[in-house]
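>>> have a look at this prediction, sequence included:
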Amino acid sequence: MRPTCRSLSEAASVTRVVMLVRALMAVALGTALGLPPVNGAAKREETAPPMKAATAVRLEGSLTLDGKLDEPAWEKAPVHTGFEMPLSTANRQPIPEELQTSFRVLYDDTALYFGVRCNEPRPDDLVVHAARKHDAAMWSDDDIEIFLDPVGDRTEFYQFAINSEGTQVDIYCQESGNIHRAEWSSLWQAAVHRGSDFWSVEVVLPFAVFHHRPAKMWSDTWVFSLSRTRSVAPRYYSQFSPAQGYHDVKNFGTLEGIRVNKEAYNLYAESPQFRLEPSEGGYAVLASLMVENRGDQAFEGSLGMEILAAGAQGSRVPLKLKPGQKARVEVPGGRVAEQGKWPVAFRAESAGGTGLLAARFDTWLTYTPVRIKVTRPNYRNTIYATQQVDAIQGYLELGIPLANVKGSIARVTLFSSLLQPRTCEVKIETARVPFELPAAGIPEGRHLLRAEILRPASRDKGGEGQPEVIAAAEVPLRKLPPAPAVEARIDDQGNLLIDGSPVFIRGWYGSTRYIVSAASFPQAQLPHSTNYLMGASEYEQMNMGLYTLCGITREIDEAKAKLDQPIDDALKARLRPIIASVRHRRNVIGYYISDEPECRGLSPVFLKSLYEFLAEEDPYRFCKIVSRAPVEYLEACDVICPHPYMNPQIAEDGGRVFGAPLRTIHNNITDACAANDGSKAVWCMPQTFSYGGLRGQHPDFKESRWFALTALACGAKGLVPFIFNSYWNHRPNRIAMDYIFEEVAFLAPAWLARDSATEVTADSPSVDVIAKYYKPEGAARGHFFIVAANQSLDPVQVSFTVPLMGKQKSARVLVLRENRVIPVRDGKFTDELEGLGARIYTTLEVLPDFRFLDEIEDEIATAIERPALAGNILAEGAVKWTIGDSEGTFSCDSDLADAVSSAAGWIPVYGDRSQCVIRFEKPVVFSRVEFCSPTIASADLDIWQDNTWKTIHQWKDEYGRRLEYKGKRVRTDRIRIRPTAARQGFGTSALYEITELGLYR
């Protein structure tokens, strides 16, 4: 139980809360201490003390990791103390000296060192409930917690916690603390010492563990917080630089003085894979790891693997990576005595032996002798009514060492009570054994495919004996009747087929309330090229002609979902009526089964079991997962939707920057496409807005177009941006996405056509490019469509080569939305792409009547000029005002007072939902207030006078969209509207919403 920045209502209703246990404990704390329900991104109050800065100094001498802090090196570092209770604590009191905390910080070329002393007059009573294992739940223990953001933009940070017995927990936090990736683990050290009136900790944090964002992005001043939980009665919580709560990164302090070689720590690791083979005394472990060099210098060194299990053996291999290169690195030579779930550590070292990357993965190491993979039919081992399948094709993947079975026979048999057995036998020559069986005449129903690895028997006196079956496996195969409502499946080229016809999804994450207030429904402000919305009611689906999904994420018990166990009967019982409710709904084409499971720590084993249950109960609809770790969850769904976060921001010099590496979209999509075995679809859900940070921004038109076209250039077959409320309410993006979806719709026929992909190369490593050659049925000839995107902030001159264009003697390409023609010679053409430039080229003779880019930018520039509404104080440029809790509220100030109630100006998503507070830079005078809302039925109007809130009007049971107050003139520097009741039909989960607000003198 500790101070955090979430209320109980948020934990219950906001689906993106990811550490449920911590959130609930924090709620209990908030009740006990009277903490206000503020958001983790809460605004720092004017009366709050200034943020504190700590200083790190270079280590001189050596340290012994024992927790004692008795080495002379510590004395050379300044001591920092003066811990305070969090700002959100009711009746904050100074912490007495006998309970104070102090710390020092050292660093060298490889690590940070923290020495922390916790004064404690009762050390024998220290509370320890956590198990002595990594990542044990220790949140009710006496502990210290270190928070670090090396980049300094306050959007992502690392958390390292140690209790008084030395148990360690590490977490990676994103979205300014909204998401806690508790499953992330790393390799660091800590030791604890208990004295007569204190306990102390020494912590070593290698720079190699901070690999989520490369060192070239790091600041010399890190964002930093150090917190202590004292669980001995009386319990209290304290911070070096007090914030609203432990995860309130907006109010963290800083750590200065760190001088790191920013060319060194730029490696990133993810997606380990393991295969076991039997060997003497256990199993050989054949591992591989995806490693990326995010730096600007080539890397040459080694990569080592260590299995943290008794009797295990690791290995090390050479590692070479060019700048920007990403490769899967094979690491053979490991050994483990037993199968099981084990921590596996990977460390990359420079040629001189310096550790530059340290990553830990807790993973299952299991042995599978033989596995069956069916490639035709490609999807779910199922033949659908819209398919023509003349043969059952696939391969056997051997886990048995090839040397043990080479030359033996693999026998594959299709059989059932409805079908005479069909068998083929193949001589084993490689570890992947292909097979084929005739499919003609297979009846509708359920069948089985059985694979057997046969070793010939020795001859006996009676003749040849039966061959020995040394390994076997079975998988189901089905043939289905026509679908009762809709058939949505994936073809072998990653296209979504609906009732047998390909569809390129162009839509949105969320429901109509994300896009337009109910007041203007059903005239929803959807781009005209939209065909999909992830959440929509049955009425909305039918009247808006949208495809949508059935979401089941709220039915999942996340505590159970974190275990590597299949789903239980209770969940199956909850899901069956949901499945039945959509069985005859033609617009519901799939199930949304998990949102960012890696951030919630959900088990791929659990989700794969859930996916298999849904596929069995409803084989006509696909299952979708949205993930920032798409490869990890690819086997648990049919549609994987990589969810790259870009976090656009304004830099201190006024330029635009991103909180994530520019190649994040490229990496997320290409990794998923590379791992796709031909049975999945890869879409993309770019999260283009920022969840915060000190300078978070919405993307402009150029950036939004770059996001979308990068996704296409990398192979995405669907585009589902996460708009959220304020993203849609940002008018430039409403306009931008309309035009972007228009382009995607224009390209869709070429992207969906079978075998339309054609070879294309770009001579710049920063440019992603894809080419399609599309010849409609009956056309005399086809045309080329090429999408290119520059993954760099710098302009680049790039030459494209399309061999097929050379063979067809194409003479020129046109540039979509630009009045330009580029000559083509021998299949080659050259163009200059600006930083984050994205272009569409085509050999069409005539382009569609699309607006040019400069015309679109002019339209956006005109649209964002806020018109002054006569008399509205909020629309006057001379009057400066802010929404009081803007950090915790998704708001769009430009829409709140623009006289157009078509979009939300205030929606409290994660922030305080009880009030909309407007603060003025100087006092204003008014006598009339009007506001528009589709959801608020009753509300109080308050003004700030004499250092307190006074209610001057109450609206009761209002059902017109415009609520008005007229009275005597008042003078104040802040007002607030407090909703007290929602309109009928919105339910308890309704988001109070104000689409327009006016104050008049």
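Nice, I can see it.
>>> quick one: the strands in the stretch 701-850 of the chain, in order.
Along the stretch 701-850 of the chain, the segments classed as strands by DSSP state E, counting those that start in this stretch run 718-719, 757-758, 761-762, 767-774, 783-790, 796-801, 812-815, 821-823, 828-833, 838-842.
>>> let's have those in JSON lines, adding mean neighbour count.
The C-beta positions use only the backbone N, C-alpha and C, and glycine is treated the same way. Shown next, in JSON lines, are the strands of the stretch 701-850 of the chain (neighbours: other C-beta atoms under 10 Å):
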{"stretch": "strand 718-719", "mean neighbour count": "24"}
{"stretch": "strand 757-758", "mean neighbour count": "16"}
{"stretch": "strand 761-762", "mean neighbour count": "16"}
{"stretch": "strand 767-774", "mean neighbour count": "22"}
{"stretch": "strand 783-790", "mean neighbour count": "25"}
{"stretch": "strand 796-801", "mean neighbour count": "17"}
{"stretch": "strand 812-815", "mean neighbour count": "18"}
{"stretch": "strand 821-823", "mean neighbour count": "12"}
{"stretch": "strand 828-833", "mean neighbour count": "17"}
{"stretch": "strand 838-842", "mean neighbour count": "24"}
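>>> want to try a markdown table for the ones you listed, with distance to Thr366 as columns?
Output for the strands of the stretch 701-850 of the chain, formatted as a markdown table (distance: least, C-beta to C-beta, whole Å):
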| stretch | distance to Thr366 |
| --- | --- |
| strand 718-719 | 33 |
| strand 757-758 | 36 |
| strand 761-762 | 40 |
| strand 767-774 | 36 |
| strand 783-790 | 40 |
| strand 796-801 | 45 |
| strand 812-815 | 51 |
| strand 821-823 | 54 |
| strand 828-833 | 46 |
| strand 838-842 | 43 |
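>>> figure out which of those strands is closest to Gly340.
When the strands of the stretch 701-850 of the chain are compared by C-beta to C-beta, strand 718-719 sits nearest Gly340, at 37.8 Å.
>>> quick one: contacts of whichever strand or helix holds Gly304?
For Gly304, the enclosing helix or strand under DSSP states H and E is strand 299-307. With contact meaning C-beta atoms under 8 Å, 6 or more residues apart in numbering, strand 299-307 is reached by 266-267, 285, 287, 289, 291, 293, 312-321, 329, 331, 334-336, 342-351, 356, 365.
>>> right, and the strands of the stretch 701-850 of the chain - which one's nearest Tyr591?
Taking C-beta to C-beta, strand 718-719 is the member of the strands of the stretch 701-850 of the chain nearest to Tyr591, at 15.6 Å.
>>> what packs against the closest one?
Contacting strand 718-719 under the criterion 3 or more C-beta pairs under 8 Å, 6 or more residues apart in numbering; DSSP states H and E are the following elements: strand 505-508, helix 701-713.
>>> and it, how far out from the chain middle?
On the basis of C-alpha atoms, centre = their mean, to the nearest Å, strand 718-719 sits 16 Å off its chain's mean C-alpha point.
>>> how about the residue most central in space within the chain, nearest residue that isn't a chain neighbour?
Nearest residue to the geometric centre of the chain (C-alpha atoms, centre = their mean): Arg628, 3.6 Å. Computed as C-beta to C-beta, 6 or more residues apart in numbering, the closest residue to Arg628 that is not its neighbour in sequence is His643, at 5.1 Å.
>>> isn't that neighbour right next to Met685, touching?
Yes. Using C-beta atoms under 8 Å, His643 makes contact with Met685 at a distance of 4.7 Å.
>>> residues near Gly551, how many?
Neighbour count for Gly551, taken as other C-beta atoms under 10 Å: 18.
>>> for it, which non-adjacent residue is spatially closest?
Once flanking residues are discounted, Gly551 sits nearest to Tyr592: 4.4 Å by C-beta to C-beta, 6+ apart.
>>> show me what the helix or strand hosting that neighbour is in contact with.
Secondary structure assigned from DSSP H and E places Tyr592 in strand 588-595. For strand 588-595, the external contacting residues (C-beta under 8 Å, 6+ apart) are 15-16, 486, 488, 496, 498, 534-535, 541, 547-553, 556, 582, 600, 602, 607, 610-611, 614, 618, 621-627, 633, 636-639.
>>> drop anything exposed from those.
Neighbour-count burial (16 or more other C-beta atoms under 10 Å) applied to the contacts of strand 588-595 gives 16, 486, 488, 496, 498, 534-535, 541, 547-553, 556, 582, 600, 602, 607, 610-611, 614, 618, 621-627, 633, 636-639.
>>> one step back: the strands of the stretch 701-850 of the chain into JSON lines, with extra columns for distance to Asp942 and mean pLDDT?
Listed next are the strands of the stretch 701-850 of the chain as JSON lines, based on distance: least, C-beta to C-beta, whole Å; pLDDT from 0 to 100:
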{"stretch": "strand 718-719", "distance to Asp942": "44", "mean pLDDT": "94"}
{"stretch": "strand 757-758", "distance to Asp942": "61", "mean pLDDT": "97"}
{"stretch": "strand 761-762", "distance to Asp942": "60", "mean pLDDT": "97"}
{"stretch": "strand 767-774", "distance to Asp942": "53", "mean pLDDT": "98"}
{"stretch": "strand 783-790", "distance to Asp942": "50", "mean pLDDT": "98"}
{"stretch": "strand 796-801", "distance to Asp942": "56", "mean pLDDT": "98"}
{"stretch": "strand 812-815", "distance to Asp942": "56", "mean pLDDT": "97"}
{"stretch": "strand 821-823", "distance to Asp942": "62", "mean pLDDT": "97"}
{"stretch": "strand 828-833", "distance to Asp942": "53", "mean pLDDT": "98"}
{"stretch": "strand 838-842", "distance to Asp942": "48", "mean pLDDT": "98"}
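>>> nothing else from me, thank you.
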